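Trainee: Compute the structure for the input listed below.
(one chain, ligands or ions: 1)
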Amino acid sequence: MNYDSLKGSVSSKPVRQAFSSGGVSRQAFLSGGVSRQAFLSGGVSRQAFLSGGVSRRRILKTGAAFAGAALAAPYVRRAEAARLKVGVLLPNSGVLAFLGTKITQGMELAINQSGGLLGGREVEWIRLDSETDPAKAPERTARLVRRGCDIVVGPVHSGVLLGMLRVLGGTNTTLLIPNAGAGAATGEHCGENIFRTSFSNWQAAWPMGRFLAQRGLRRVTTMSWNYAAGTESVQGFTEGFASLGGEISEGILAPYPAADFHSYMTKLAASDAEAIYAFFSGASAVQFVKQYHEAGLRDRLPLYGVFLTEGTLEAQGVAAEGLETTMHYADDLPFEANRAFRSAYREAYGVDPDVFSVQGYDTGALLVHAAQAVGGDTDDKPAFHAALRSFRGVSSPRGAWHFSRAQNPVQDFYLRRAAGGQNRYIETIAQDVTDPAQGCTLV
Ligand code: PHB
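Mentor: Model prediction:
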């Protein structure tokens, strides 16, 4: 394993422990339940979906041979059959629903800005609601494969991701992960077909641990959800914090999707820690931040965290004002690409983007880049996956990033402060942070 790419304010080498305790174990998730084969064997096969025995590849070659000429009717039909099917598994309901909306908007914006085609092919989107339900994820994923999608985009939630990996791990179906941070996807269950454009849970939390220790804090209480994203986030924070002498006072886990945190506020009020590290997101983050403020804890026990204020500032109002968080994005990052992205996004959707929109946008840009590089021939998987790997996010609103060998972003992390409805950039606290990718055979 190579940690040498950790740079900037980062000096010591992190070690991610085996899958942390609490919640459903990653292994249990991946091994239990119905087999991948059982899911894939039902219904119409992918091959049968391709038009009349003519492979998509041949259709593309035929199409290319006739490029520039008026297409006769049979070829029009073939070109239609060559539409690229992209499956999307994101939540339409629940506490993380708006994350799915933001990801979708960002992805569509990037593709629309490039003319709406991928490698010259029209896109057919096949969208399914994940319902943020890990138990439903294998069947939904298999359904997308059976319907002929050879690229799948999703999900938001780490538990859903673990369910998707049971179906897609070791196959040729390309998976682009625009949010869920479960370490396994780019760790022990990494693969040539699996790419993440967002973060690993460990990676998103580790810089904050180091930052708080560098600020001189010595005792912090952690609080998050009791499933993979929460436990891995706390693990990453703890490793960063402990590497510079910090100690965890207490670790509190709340069941997903907790929305009422009142009972936890009494517990936090009794804490002997100097500060709280918390990871919550979506509607739960709104409630947590509001109730923390209402409990009058902010002055006595400063609140730090990740994702806490993403896409939620309007709903949190005064409760979020001044909160410091660390993320791989800040609203006012001083890049021209960020300014252009924000104004195009506002014009297209009438709302401000957030980190989830950026992850969607980069997923769209990645698809545009790779499909273009292979001339639309996404069936040649080694070539298509090599093209995906070669993506350089030089025009990303978050700043330049690239894929690690485990196919997770190598990226910078920023300290931000919430002020006037924006997560404002304060400073860059870690550069080129790379997930340790423990157990990944690609590394
Ligand atoms: C996750 O489940 O991996 C997850 C969910 C919401 C976030 C970040 C990570 O904001």
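
Trainee: use CA for all of it now, contacts and neighbours both
Mentor: OK.

Trainee: Quick one: end-to-end length of stretch 306-317, please.
Mentor: 18 Å (Cα to Cα, to the nearest Å).

Trainee: From the rest of the structure, what touches that stretch?
Mentor: When contacts are defined by Cα atoms under 8 Å, 6 or more residues apart in numbering, stretch 306-317 is touched by residues 204-205, 278-283, 285-287, 289-290, 320, 325-327, 353-355, 418, 421-423.

Trainee: Tell me where the chain has strands.
Mentor: For the chain, the strands defined by DSSP state E cover 84-90, 123-129, 151-153, 174-177, 194-196, 219-225, 247-254, 275-279, 303-306, 324-327, 402-403, 409-419, 422-433.

Trainee: could the ones you listed go into CSV alongside mean neighbour count and distance to the ligand?
Mentor: What follows is the strands of the chain, written out as CSV (neighbours: other Cα atoms under 10 Å; distance: least, Cα to the nearest ligand atom, whole Å):
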stretch, mean neighbour count, distance to the ligand
strand 84-90, 24, 11
strand 123-129, 15, 15
strand 151-153, 24, 14
strand 174-177, 25, 10
strand 194-196, 25, 11
strand 219-225, 24, 9
strand 247-254, 17, 14
strand 275-279, 25, 8
strand 303-306, 23, 8
strand 324-327, 26, 10
strand 402-403, 19, 18
strand 409-419, 23, 15
strand 422-433, 20, 15
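
Trainee: mind putting the ones you listed in CSV, distance to Arg342 included?
Mentor: Conversion of these to CSV gives the following (distance: least, Cα to Cα, whole Å):
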stretch, distance to Arg342
strand 84-90, 23
strand 123-129, 24
strand 151-153, 23
strand 174-177, 22
strand 194-196, 22
strand 219-225, 30
strand 247-254, 34
strand 275-279, 25
strand 303-306, 21
strand 324-327, 17
strand 402-403, 21
strand 409-419, 17
strand 422-433, 12
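
Trainee: Nearest to Leu161, out of the ones you listed?
Mentor: Minimum separation from Leu161 across those (Cα to Cα) falls at strand 174-177, 8.3 Å.

Trainee: Average pLDDT for that closest one, rounded please.
Mentor: Mean pLDDT, strand 174-177: 98.

Trainee: For it, which helices and strands make contact with it?
Mentor: Secondary-structure packing of strand 174-177 (3 or more Cα pairs under 8 Å, 6 or more residues apart in numbering; DSSP states H and E): strand 151-153, strand 194-196.

Trainee: Parallel or antiparallel, which strands does it pair with?
Mentor: strand 151-153 (parallel), strand 194-196 (parallel) (DSSP bridges).

Trainee: could I get those as a markdown table with distance to Ser271 and mean pLDDT?
Mentor: Converted to a markdown table, the strands paired with strand 174-177 look like this (distance: least, Cα to Cα, whole Å; pLDDT from 0 to 100):
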| stretch | distance to Ser271 | mean pLDDT |
| --- | --- | --- |
| strand 151-153 | 41 | 98 |
| strand 194-196 | 37 | 99 |
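
Trainee: Quick check: the residue of the stretch 301-443 of the chain found nearest the ligand vs Glu324, distance?
Mentor: Closest residue of the stretch 301-443 of the chain to the ligand, Cα to the nearest ligand atom: Phe307 (5.4 Å). From Phe307 over to Glu324 the distance is 11 Å, taken as Cα to Cα.

Trainee: Just tell me which of the strands of the chain ends up closest to Val374.
Mentor: Once the strands of the chain are compared by Cα to Cα, strand 84-90 is nearest, at 13.1 Å.

Trainee: That closest one pairs with which strands, parallel or anti?
Mentor: If you go by DSSP bridges, strand 84-90 pairs up with strand 123-129 (parallel), strand 151-153 (parallel).
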